[in-house]
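S.K.: take a look and give me a structure for this.
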Amino acid sequence: MAGNTLFVRLRWRCISENREKAKDPYFLGEGPDRVGCELCGACMTGCRRDAKNTLDKNYLFFAEKFGAQVIPERRVMDILPLSEDGSAGYRVTAVKTTGIFRTETVYRTKGVVLSAGVLGTLSLLLTMKEKGRLPHLSNHLGQRVRTNSEAILSVRANASDVDFSKGVAITSSVHPDDHTHMEPVRYAQGNDFLGLLAVLMTDGGGRVPRICRYAANVIQHPVSFLRLLNPFGFARRNLIVLVMQTHDNYLNVSRKHRKIWPFVKTLSSSQASEKKIRFTSPLPMILCGGWPGGWTAFRSAFFPKYT
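M.R.: Alright, predicted model coming up:
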């Protein structure tokens, strides 16, 4: 795609103020009734108003509707083949994830399909391989795990009268170059926990370690640093900029003992690309005018209310 082009992605939403329910618009009316979007900004953390097409409104809803039994709040801890090749079935052990007592339940099944996301599935499979439960798993398990080369940036408004929390969570896209895709992401008012992860933006590379550069950044901008220590109001005054790149990057994922908690193994990742590609954020370039027309496009796409 050509650079310096603003792409606005429209997502279907029915805006409603009267909370009237309507027939499901996604699956020919076969799904649950919906309510129009109230632009509360909670799309990422979970729509509470039945306006978004989420998992419990589509796949899980129809699975139960057509006879599947969904057993929630369980974590699979063990998968044991009842024969060498699994043709006799499997014994699956799961524990309850809620409540005081972690009760254990054992299931017997003819086949198993793992669908716990990349991290959940890899964690379970790597554990089973270590324990010898699934000895025929490939030795390459966990290698060359693809990513979106994501970086999560944040733009903060110091003015007290702004409110970026209202609206649909993701509304537009900007492509500053052929490999970079930027999206604004908002969170609903009160969803400020992510603010605890925010730090002053500091470049790496060079002879000076990044931690030293960050310390210098804190000394140079003490007021901004102190503001970051207070997460309250983060969703209202901050706009997340999700940056993704299409470079040929991938990771190796394995289970290791961590120094901070060496008693159990947890998932760990390392960059595995033959050619390490240093991430370069286009955001400072845009804000400083390095991208022709960049600030105007950035402001109109990400801050339309304040244009």
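S.K.: and the spatially closest residue to residue 85 that is not a sequence neighbour, how far is that from residue 240?
M.R.: Beyond its immediate neighbours in the sequence, the residue positioned closest to residue 85 (Cβ to Cβ, 6 or more residues apart in numbering) is residue 136, lying 7.9 Å away. C-beta here means a position set from N, CA and C on the backbone, and glycine is covered the same way. Distance of residue 136 to residue 240, given as Cβ to Cβ, to the nearest Å: 42 Å.
S.K.: go on, residue 48?
M.R.: As it turns out, when the distance is counted by Cβ to Cβ, residue 48 lies 20 Å from residue 240.
S.K.: of the two, who's got more company?
M.R.: Neighbours of residue 48 and residue 240, each counted by other Cβ atoms under 10 Å, are more numerous for residue 240; the result is 21 against 11.
S.K.: assign residue 270 to helix, strand or coil.
M.R.: When states are read from DSSP: H, G, I helix; E, B strand; the rest coil, the local structure at residue 270 comes out as strand.
S.K.: I'd guessed it sits against residue 252; true?
M.R.: Yes. The pair residue 270 and residue 252 qualifies as a contact (Cβ atoms under 8 Å) at a distance of 5.3 Å.
S.K.: who has more neighbours, the two?
M.R.: For residue 270 against residue 252, the residue with the higher neighbour count under other Cβ under 10 Å is residue 252, and the figures read 15 against 9.
S.K.: other SSEs contacting the helix or strand hosting the more buried one?
M.R.: Under the criterion of DSSP states H and E, residue 252 resides in strand 250-257. If you count contacts as 3 or more Cβ pairs under 8 Å, 6 or more residues apart in numbering; DSSP states H and E, strand 250-257 packs onto helix 117-131, strand 145-146, strand 265-271.
S.K.: please save the CA atoms from it in CSV.
M.R.: This file holds the C-alpha atoms of strand 250-257, laid out as CSV (Å, rounded to 0.1, in the frame of the first residue of the first chain):
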residue,chain,number,x,y,z
TYR,A,250,8.9,-15.1,14.6
LEU,A,251,9.7,-16.5,18.1
ASN,A,252,10.7,-19.7,19.8
VAL,A,253,8.5,-20.5,22.7
SER,A,254,9.5,-23.0,25.4
ARG,A,255,9.0,-23.7,29.1
LYS,A,256,11.7,-22.5,31.5
HIS,A,257,12.4,-21.8,35.1
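S.K.: and the angle from that strand to helix 117-131?
M.R.: Calculated by axes from the mean of the first three to the mean of the last three Cα atoms, to 10 degrees, strand 250-257 forms an angle of 50 degrees with helix 117-131.
S.K.: please, where are all the strands along the protein?
M.R.: Remark: strands assigned in the chain by DSSP state E are 5-7, 21-22, 34-35, 74-81, 90-96, 104-109, 145-146, 151-156, 173-177, 180-185, 238-245, 250-257, 265-271.
S.K.: nearest to residue 125, of these?
M.R.: Closest of these to residue 125 is strand 74-81, at 8.8 Å (criterion: Cβ to Cβ).
S.K.: each with direction, which strands does that closest one pair with?
M.R.: Strand pairing for strand 74-81, using DSSP bridges, gives strand 90-96 (antiparallel).
S.K.: tell me which helix or strand of the protein sits lowest on mean pLDDT?
M.R.: The least trusted helix or strand in the chain, going by mean pLDDT, DSSP states H and E, turns out to be strand 5-7, with a mean of 38.
S.K.: for stretch 28-39, buried residues please.
M.R.: 31, 32, 34, 35, 36, 37, 38, 39 (16 or more other Cβ atoms under 10 Å).
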